[in-house]
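**Student:** this is the structure alone, sequence omitted:
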């Protein structure tokens, strides 16, 4: 451990597993460990209230100017392995079909309410969300996602983001939703 805080113990475990020779026969294990660490981090993240559909619809300018603030619990895990399917299979071993080991899966981990949720992301959505987390506008993030994956579908991705309730703020150079609280 590099910290006395127990919840941080798993943060580097995926990196360790990736370089641990006995684990090389299970190549997806490091990314599943990263997913588990993201679950812990999301659970302990700060609370924030997701914006309502009406608040989202009230944005006064176009998507090329809007920056999105995502819930503090949001974590993105990109993997060339089916990590969400593997994780789900271990959560419900009696209720899960065979896993296609050739299928890459990216995961969104978030806790918009009381429970941490894991969502399988469509192609390019992990890049899109990662760009939003870095402060890109909606348009700049979409441009990067399209460039990274020709199968990126903006409508599907935005629908998933809205359904997962992870948008907690919108801003441009001139306005912000929600308004900062007075001090």
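**Tutor:** Cool, got the structure. All values reported here derive from a predicted model rather than from experimental measurement.
**Student:** from now on I want contacts and neighbour counts done on CA atoms only, so please keep to that.
**Tutor:** Will do.
**Student:** the helix or strand hosting residue 87 packs against which elements?
**Tutor:** Here residue 87 sits within helix 83-91, counting by DSSP states H and E. With contacts taken as 3 or more Cα pairs under 8 Å, 6 or more residues apart in numbering; DSSP states H and E, helix 83-91 sits against helix 29-44, strand 106-110, strand 117-121.
**Student:** now, of these, which is deepest in the fold?
**Tutor:** The highest mean neighbour count among the helices and strands packed on helix 83-91, using mean count of other Cα atoms under 10 Å, belongs to strand 106-110: a mean of 25.
**Student:** all strands of the protein, in order?
**Tutor:** 67-70, 75-77, 106-110, 117-121, 167-171, 176-177 (DSSP state E).
**Student:** chain center to the least confident helix or strand in the chain by mean pLDDT, what's the gap?
**Tutor:** The weakest-scoring helix or strand in the chain, judged by mean pLDDT, DSSP states H and E, is helix 53-57 (a mean of 86). From the chain centre to the centre of helix 53-57 is a distance of 21 Å (Cα atoms, centre = their mean, to the nearest Å).
**Student:** residue 90 and residue 152: what is the separation?
**Tutor:** 29 Å (Cα to Cα, to the nearest Å).
**Student:** look at those two and report which has more neighbours.
**Tutor:** residue 152 (22 against 12; other Cα atoms under 10 Å).
**Student:** follow-up on the earlier one: would you turn the strands of the chain into TSV with mean pLDDT and distance to residue 53?
**Tutor:** Conversion of the strands of the chain to TSV gives the following (pLDDT from 0 to 100; distance: least, Cα to Cα, whole Å):
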stretch	mean pLDDT	distance to residue 53
strand 67-70	96	14
strand 75-77	98	22
strand 106-110	98	19
strand 117-121	97	20
strand 167-171	94	10
strand 176-177	89	12
